[in-house]
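Novice: I would like to see how this sequence folds:
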Amino acid sequence: MKTAHALASLAALAQDSRLALYRLLMRRGPVGYSAGEIGRRLAIPTGTLSFHLKELARAGLIEARRDGRYIYYCANLERMSELVGFLTNHRVGAASGTNGSARAAEALLRRTRA
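Specialist: A predicted model of the protein is given here:
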């Protein structure tokens, strides 16, 4: 992951509603939620929710899929794994001389799938 992509992902998560939205989608897994269900669960108005979904999608942190007339959103676990790998590689790996990114990314994916 390039530094610019990591910064975009971190910036997208650096807002209360977007962080709550992302955490909700992480817990839900690949099934995801419709925009309406996200709005109800987080009590976010439709216009505001659309903006936050767009920002998370632009950063590559969420994915959308159409099912009939509904759009379902889910967390992009691969992108988060890349972000965790980037952070651990530049932090832990640089400090200890080892690359802990693979282990950290695998642990993240195991937690979200459990």
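
Novice: how many neighbouring residues does the closest residue to Ala75 other than its chain neighbours have?
Specialist: In space, and not counting its chain neighbours, Ala75 is closest to Leu25: 4.2 Å by Cβ to Cβ, 6 or more residues apart in numbering. Heads up, the C-betas are built off the backbone N, CA and C, glycines and all. The local packing of Leu25 (other Cβ atoms under 10 Å) involves 26 other residues.

Novice: residues in contact with the helix or strand containing Leu25?
Specialist: Per DSSP states H and E, Leu25 falls inside helix 16-28. Helix 16-28 is contacted from outside by 12-13, 32-33, 38, 41-42, 44, 48-49, 52-53, 55-56, 61-62, 73-75, 77, 80, 112, using Cβ atoms under 8 Å, 6 or more residues apart in numbering.

Novice: now, the residues you listed that are in helices?
Specialist: Among the contacts of helix 16-28, DSSP state H puts 12-13, 38, 41-42, 48-49, 52-53, 55-56, 77, 80, 112 in helices.

Novice: from those residues, which would you call buried?
Specialist: Taking 16 or more other Cβ atoms under 10 Å as the criterion, what is buried in those is 12-13, 38, 42, 49, 52-53, 55-56, 77, 80, 112.
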